[in-house]
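Colleague: show me the folded form of this:
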Amino acid sequence: MAKFPRYRAATEPPAPLAAACRDVVAGRRASDLLRRWAHPHGLSDLQLRLLHELALDAPRDQASLAATLLASPARVSAVVLQLGTAGLIESTTDPSDRRRQLWRLTAAGNRCVAAVSAAAQAELATASADEITPQEDAA
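Modeller: Presented below is the predicted three-dimensional model:
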């Protein structure tokens, strides 16, 4: 059985603990990437994630966006207002419930998502294999 020098116990850490620790590291790396890709376009990582969700599946209401993004409804409401003001998303009335608004990307929102996606793909394509550590490659 392999020993982990960082642990005092002579055995491996429990599998769920090891998996959770790896997930935290991977999540932080992904969050850093999102911020790096969003910033040049004047977006926060949450704004970019919301735009991406609408690019994948729209129209969507704010409650479903909040659940998918793991963000509070109040935070999503603020982001929707910001993106709407910027002309990146627009609302329609839900035909089954006229009190509810559904959100979708505008043409400018589609162009923004495409530009961020292209920049991200270009960055990843130019990253050389020697810049990726074995730990990053395994994550």
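Colleague: measure Leu34 to Leu65 for me?
Modeller: Per C-beta to C-beta, to the nearest Å, Leu34 is found 16 Å from Leu65. Any C-beta I mention is one placed from the backbone N, CA and C, and that applies to glycine too.
Colleague: ugh, wrong one, I meant Leu102
Modeller: 10 Å.
Colleague: common neighbours of the two, please.
Modeller: Here Leu102 and Leu65 share no contacting residue, scored by C-beta atoms under 8 Å, 6 or more residues apart in numbering.
Colleague: tell me which of these two has more neighbours.
Modeller: Neighbour tally, Leu102 and Leu65, criterion other C-beta atoms under 10 Å: the higher count belongs to Leu65, 22 against 18.
Colleague: quick check on Ser44: phi, psi?
Modeller: Phi and psi for Ser44, reported as degrees, to the nearest 10, are phi -90, psi 170.
Colleague: any idea which element the nearest residue to it once chain neighbours are set aside lies in?
Modeller: Distance criterion C-beta to C-beta, 6 or more residues apart in numbering; nearest residue to Ser44, sequence neighbours excluded, is Ala38 at 6.2 Å. Ala38 is located in helix 15-38, with elements delineated by DSSP states H and E.
Colleague: next, the buried residues of that helix.
Modeller: Leu34, Trp37, Ala38 (16 or more other C-beta atoms under 10 Å).
Colleague: helix or strand: which one has the residue nearest the centre of the chain?
Modeller: The centroid of the chain falls nearest to Arg49 when counting by C-alpha atoms, centre = their mean (4.2 Å). Counting by DSSP H and E, the element that carries Arg49 is helix 45-56.
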